[in-house]
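1. predicted model and sequence follow; I will ask about them next.
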Amino acid sequence: MKKEINNLKNYINGKWSSSSKHNLNVTNPFTEKVIARVADSDNSDVNLAVKAAKASFESWKTTTPAERSLFFLKLADLLEKDKERLAKIESDNQGKTLLLAKADIEFGIDNLRFFAGACRTLTTTSAGNYVDTHLSDNQHKPLGTSILKREPIGVVAAITPWNYPMMIACWKLAAVSVGNTIILKPSSYTPLTTLELAALATKAGFPNGVINVLTGSGEKIGKMLATHSEVDMISLTGSTETGMEIMKLASSTLKKTHFELGGKAPFIVFEDANLERAAKFAVDASIVNSGQDCTAAARIYVQNKVYEKFIGLAINYAEKIKLGNPKDKNINIGPLISLRQKERVQSFLDNLKKTEKVVYQSKIPKKGFFFPVTIVKDFEQKSNLCQREIFGPVIAITKFNTEEEVIMKANDVDYGLASSVWTGNVQRAFRVSNALEFSEVWINDHLPLVSEMPHGGLKHTGHGKDLGIYALEEYTYLKHIYVGLTGDGK
Ligand code: NAD
């Protein structure tokens, strides 16, 4: 019997509702089959979501941090209970392994628990009496007391990508923990778990309209949200090109923007590093989530003396990577998100410079949008391989001679998100970390993010932080309240 395909609506004001009669197909990248249809939302859907978020803001902003904290803890518990089912949906929709999908959701749960605690600790720098008068006997009389508060901004539209759909949707809920209401706009490739998240939020007791989800194309409803006069802030995790476009669109209403965009992380291996460990991590950190990760090790620089040995170790390790059914726990990576992405990754290999050589390529399963694990050596600094995001399981390696040279090359890209340094010399580790123009530097490791520390970059990676207390601050504005002390005439 043919399996019925779910037609899913938007989640607005605590209900499933869509006015648009058009749908978008949602495909499983492993089976290449349509697994659901979601609303291809239109103007009236956007207006409905904004109206709901705006109306609920009036009461949500007056809740205490303690009340909001309880909703977050309940939501985290519901996600915990449901994580096996949610991980399966995420894996089916995104193509990532079930193991990685579970790890993403577990991290999302931890992020929510962090927000639950952190929203109760928001502080400002000072409060005090800063204006006074000198009396004739040289005594001081304060004229006023200043108080600095952090206030929620209003309706936040959060536009998210397809590589970590559920986890990044959880990150954006930082906005809600400090009193904003939100409209989540997931990527049209991967809307399923974000819809689940909103429905679970209602179960956790979040009032209607506080967390809403709109599905549809970025070009259409993403644009409407970015220009809507009643959306107060726009938070995007996506590509640099989309960030640039949204910045232009948001300028017509001078919205606050928060951008987590592309990355091109250098992975720097000095000759005194633990080479076996560095080679294993270089491969793992390049192919994580099939290479579709903004912090992935995208440019591996290895010091001359150990270069050939490192290449050998990397090939040995890459040969062990298994591609296949994301549900199989022996599989390391699944397919790419789409055929379009596969063609995009291939175009990098079709346009290699003369010196750039493919030294290893794995086999791929016949079905699914798989791209082979590929090692390219001797990449050139000015090539696309080094300068542009590939977002596929391509491990690009080149050599360097000196510390000064590798720092210069590592910094010579448009992006500024993540980086790592591999060395046994603590002074060098700190010297290089200090010189790297990236907002995350790992020493002898690559990839770990934690709920307590900020994540977000500079340059073409954008501005603004997810995670940590800094994420909560992003979603507030500072208000100075001055209380005059002499109004009664005394
Ligand atoms: P994308 O920019 O194509 O899409 C991101 C979101 O923006 C989607 O929801 C999409 O529908 C929407 N969108 C697209 N065009 C739009 C427009 N003109 N107006 C408004 N919205 C629009 O990115 P993607 O391909 O989904 O994700 C991959 C990108 O995300 C990579 O560049 C990656 O580096 C980046 N990313 C960054 C981080 C980070 O923390 N810095 C994390 C994950 C992904």
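-> Ah, there it is.

2. show me where the stretch 251-400 of the chain has its helices.
-> 275-287, 307-318, 339-350, 384-387 (DSSP state H, counting those that start in this stretch).

3. relative to the ligand, tell me which of those wins on proximity.
-> Of all the helices of the stretch 251-400 of the chain, helix 339-350 sits nearest to the ligand, with 8.0 Å by Cβ to the nearest ligand atom. (Glycine included, C-beta is placed from N, CA and C.)

4. for the closest one, packing partners?
-> On a contact count with 3 or more Cβ pairs under 8 Å, 6 or more residues apart in numbering; DSSP states H and E, helix 339-350 meets strand 394-400.

5. for the strand it packs on, which outside residues touch it?
-> Residues outside strand 394-400 that contact it (Cβ atoms under 8 Å, 6 or more residues apart in numbering): 282-283, 286-287, 291, 297-304, 307, 310-311, 314, 318, 345, 348-349, 371, 373-381, 385-386, 390, 406, 409.

6. state the mean pLDDT of whatever helix or strand comes next after it.
-> Counting by DSSP states H and E, the next helix or strand C-terminal to strand 394-400 is helix 403-411. The pLDDT scores in helix 403-411 average 98.

7. can you check stretch 119-131 too?
-> On average, stretch 119-131 scores 92.

8. stretch 68-85 too?
-> 98.

9. can you check the pLDDT for Gln139?
-> 76.

10. phi first, then psi, for it.
-> phi -90, psi 160 (degrees, to the nearest 10).

11. list of residues touching stretch 140-150?
-> Counting by Cβ under 8 Å, 6+ apart, 122, 124-135, 178, 473, 476-486 sit against stretch 140-150.

12. give me the phi and psi for Ala39.
-> Per degrees, to the nearest 10, the backbone of Ala39 is at phi -60, psi 130.

13. Thr423 now?
-> Residue torsions, per degrees, to the nearest 10, at Thr423 are phi -160, psi 160.

14. do you know how far it is from Phe430?
-> Separation of Thr423 from Phe430 (Cβ to Cβ, to the nearest Å): 10 Å.

15. helix or strand with the lowest mean pLDDT in the protein?
-> strand 128-134 (a mean of 86; mean pLDDT, DSSP states H and E).

16. let's see that strand as CSV, backbone CA atoms only.
-> Extracted C-alpha coordinates of strand 128-134, given in CSV (Å, rounded to 0.1, in the frame of the first residue of the first chain):
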residue,chain,number,x,y,z
GLY,A,128,24.0,54.4,41.1
ASN,A,129,23.8,58.2,41.8
TYR,A,130,25.9,60.0,39.1
VAL,A,131,24.6,63.6,39.4
ASP,A,132,24.7,65.7,42.5
THR,A,133,24.9,69.2,43.7
HIS,A,134,27.6,70.9,45.8
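
17. and it, how far out from the chain middle?
-> Between the centre of strand 128-134 and the centre of its chain there are 45 Å (Cα atoms, centre = their mean, to the nearest Å).

18. and the next helix or strand past that strand?
-> strand 140-152.

19. which positions in that following strand come out as buried?
-> 150, 152 (16 or more other Cβ atoms under 10 Å).

20. next structured bit after that strand?
-> Criterion used, DSSP H and E; the element after strand 140-152 is strand 155-159.

21. show me what from the stretch 301-450 of the chain comes close to the ligand.
-> Residues of the stretch 301-450 of the chain lying near the ligand by Cβ under 6 Å from any ligand atom: 389, 417.

22. picking that back up, most tightly surrounded among the helices of the stretch 251-400 of the chain?
-> By mean neighbour count, with neighbours taken as mean count of other Cβ atoms under 10 Å, helix 275-287 ranks first of the helices of the stretch 251-400 of the chain at a mean of 22.

23. same for that one, what does it pack against?
-> strand 265-269, strand 297-303, helix 307-318, strand 394-400, strand 418-422.

24. in its sheet, what does the fourth one sit against?
-> In the sheet containing strand 394-400, its partner strands are strand 297-303 (parallel), strand 374-377 (parallel), by DSSP bridges.

25. so what are the domain limits for the chain?
-> Taking automatic domain parsing as the reference, the chain has its domains at 6-123+151-261+461-477, 265-443.

26. that older thread, what about Thr423 and Phe430, which has more around it?
-> Thr423 (23 against 14; other Cβ atoms under 10 Å).

27. from the ligand, how far out is that one?
-> 26 Å (Cβ to the nearest ligand atom, to the nearest Å).
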